[in-house]
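Undergrad: A predicted structure for the sequence below; I have some questions about it.
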Amino acid sequence: MSHYELDARRLLCPMPVIRAQDKVKTLAPGDTLDVVCTDPGALNDIPAWCRINGHEVLDKKQIDDEIIVCIRVGNID
Amino acid sequence: MTTQRKAVALISGGLDSMLAAKTIMDQGIHVEGINFFTGFCVEGHTHAIRKKDKAKPKRNNALWVAETLGIKLHIVDIVDEYKDVVLNPSHGYGANLNPCLDCKCFMVKKARQWVEENNFDFIITGEVIGQRPMSQRKDTMPVVARESGANDRLLRPLCAKNLPATLPELEGWVDRERLHDFSGRSRKPQMAMAKQLGLTDYAQPAGGCCFLTDQNYSHRLADLWTARKTRDYELDDIMLLKVGRHIRPRPNFKMIIGREEGENKFLEGYRKMFASMTTDSCPGPLVLLDGELSQEDLELAAAIAARFSQGREHEQVQIGYHINKVLKQRFNIKPLGIEEVPKEWHI
Ligand code: SF4
C-alpha cells in the first residue's frame, strides 16, 4: 500500500475531481491519495465522488487557502 | 439466466437527464452516469470565485444527481477535443456561440465509444422533442443518433413514445409502455414526475447548461478571436472569460479587472501568464493585461485601473505595473471619469 499526492491547485471544479478520478484509476485498493486543491468546491465534490464510487475519505482539511482531501482507494470493479 | 443489461446515461446535472436515468433504472437496467466537462459548463465554481457567494453551499450537480440516484458517475475531460466542436460546427451555431447540435452528436459519440469499451448495451439521454430550438427537434433527433454512430442504441426515455422504437425496446430489454411521451417546451410533466419521485432539490440553472448559450459570454469569446486574429482558445482563456470585468480600450489590448476579493484572488493565479496592474495607494482591483501595450497604452490602462479602485475620486492613484509579478513601473495617475470609460469598451 502506498501513499501519493496529487497537485490540483488552481484548478476549478470539476477538474480536481477529474484529476483525482484519473489518478485513482492507476492506484490499487488500499492506496491513499492526498488531493491538494485551492477551489473550495473540492471540499464537497471530492467526498461526493468518493461516496458514489466506493472510496473512503480519510480526512479533509483546509490550511489557509489550500484544501487537502485524503482518499483511501476502495475496491474498484 | 437473463443477461443484466447495462446503460450509460448522459448526466448534465439538470432534471431531465436525471429523470431519464431514473426511468430506465426502474426497469431493472444497470445504469451508470457519464458527464462531460467541456470547459464551458456552468458550475458552482464561477460563483465560488466571487466572495459574496461563498456562504452558499456549492455542489457539483452531476455528482449530486448520481448520488441521489445511487449510480456511479464518470466525469470525462473533453476540453481539448471539444475545441473542434466549438470552432467548426458543421450544423452551425444557435442564438449565440452554442453549437448545440454538433455538441449533442459529439457527446453521444463519446458515450458510444465508452459503451463499446466498457461492454454496456445502450445510451440514454434526457432529451425531449421540441424542448430546445436546435438540438431537440423532431428532425434533429435522428441526426444525433446517426452522426454519433449510436443509431438505435440511443434511447430517450422521456420522449421515446414519440420516436421510433430503439434496440432496447425492440429486444425487450426495456418496456416501451413504461417510457414517456413528453414533448414541447413545457416543463410541467418533468416537474410532476420529480414531485412524484420526491425530488425537490434539483438544479434549475437559469442560463442552461453552458456558457456558450450566454450572449455576453459569446460576445467575449468572439472578441477574443477577433483580437488574436485566430479562432482558437485554451482552457485558461475560456475560464478567464467567466471572471471579472473585461474592458478593451484599444484593439491591441484588453484588461481583466477583478470585481471583488474572490475574483482578485482567482486572477492572482494568472499573474505569471499575463502582465498585471495593482492599486498601491488604496484598495483596488487586480488587473490582468492581455495584449501588447505601448507606454501610452500602459498609461491609459493605469488610469482605467485607478477608475475601478476606491481612489476613483482622488487626484492621483498609485498603480504598479508588473511582469511575471515583478514591479516594472509605477504610475501616479489621475483616474478616468466615468464618462471617459465608454460602454463600447466593456465586453
Ligand atoms: S447548451 Fe452547451 S452543452 Fe448544452 S447542447 Fe448546447 S452547446 Fe452543448
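TA: Perfect, I can see it now.

Undergrad: Which residue ranges of the stretch 151-300 of chain B form helices?
TA: B:167-170, B:188-196, B:215-228, B:235-240, B:261-268, B:295-307 (DSSP state H, counting those that start in this stretch).

Undergrad: Of those, give the one that comes closest to residue A:16.
TA: helix B:235-240 (13.7 Å; C-beta to C-beta). From N, CA and C alone the C-beta is placed, and that goes for glycine too.

Undergrad: What helices and strands are in contact with the host helix or strand of residue B:113?
TA: Secondary structure from DSSP states H and E places residue B:113 in helix B:100-117. Where contact means 3 or more C-beta pairs under 8 Å, 6 or more residues apart in numbering or on different chains; DSSP states H and E, helix B:100-117 is packed against strand B:6-10, strand B:30-37, strand B:73-77, helix B:79-87, strand B:122-124, helix B:141-147.

Undergrad: For that helix, list every residue counted as buried.
TA: B:100-112, B:114-115 (16 or more other C-beta atoms under 10 Å in any protein chain shown).

Undergrad: from these, which single one is nearest residue A:60?
TA: Closest to residue A:60, out of all of these and judged by C-beta to C-beta, is residue B:114, at 29.7 Å.

Undergrad: any idea how far the closest one lies from chain A?
TA: 14 Å (C-beta to the nearest C-beta, to the nearest Å).

Undergrad: Check whether that residue really touches residue B:8, as I assumed.
TA: Yes: with contact defined as C-beta atoms under 8 Å, residue B:114 and residue B:8 form a contacting pair (6.1 Å).

Undergrad: which neighbours do those two share?
TA: Contact with both residue B:114 and residue B:8 is made by residues B:34, B:120, according to C-beta atoms under 8 Å, 6 or more residues apart in numbering or on different chains.

Undergrad: domains of chain B?
TA: Chain B breaks down by automatic domain parsing into domains covering B:6-210, B:243-345.

Undergrad: Between those, which has the poorest mean confidence score?
TA: Lowest mean pLDDT within these: domain B:6-210, at a mean of 90.

Undergrad: What is the end-to-end distance of that domain?
TA: 28 Å (C-alpha to C-alpha, to the nearest Å).

Undergrad: how about that domain, does it reach the ligand?
TA: Yes: using C-beta under 6 Å from any ligand atom, domain B:6-210 reaches the ligand at B:98-100, B:103-104, B:135, B:208-210.

Undergrad: Look at the closest residue in space to residue B:118 that isn't next to it in sequence and say how many residues are nearby.
TA: Leaving aside its sequence neighbours, residue B:118 sits nearest to residue B:8 (C-beta to C-beta, 6 or more residues apart in numbering or on different chains; 7.6 Å). The number of residues packed near residue B:8 is 25, by other C-beta atoms under 10 Å in any protein chain shown.

Undergrad: Does residue B:8 touch residue B:116 like I think?
TA: No: between residue B:8 and residue B:116 there is no contact, the gap being 10.6 Å when judged by C-beta under 8 Å.

Undergrad: now chain A, which segments are flagged as low pLDDT?
TA: Applying pLDDT under 70 to chain A flags residues A:76-77.
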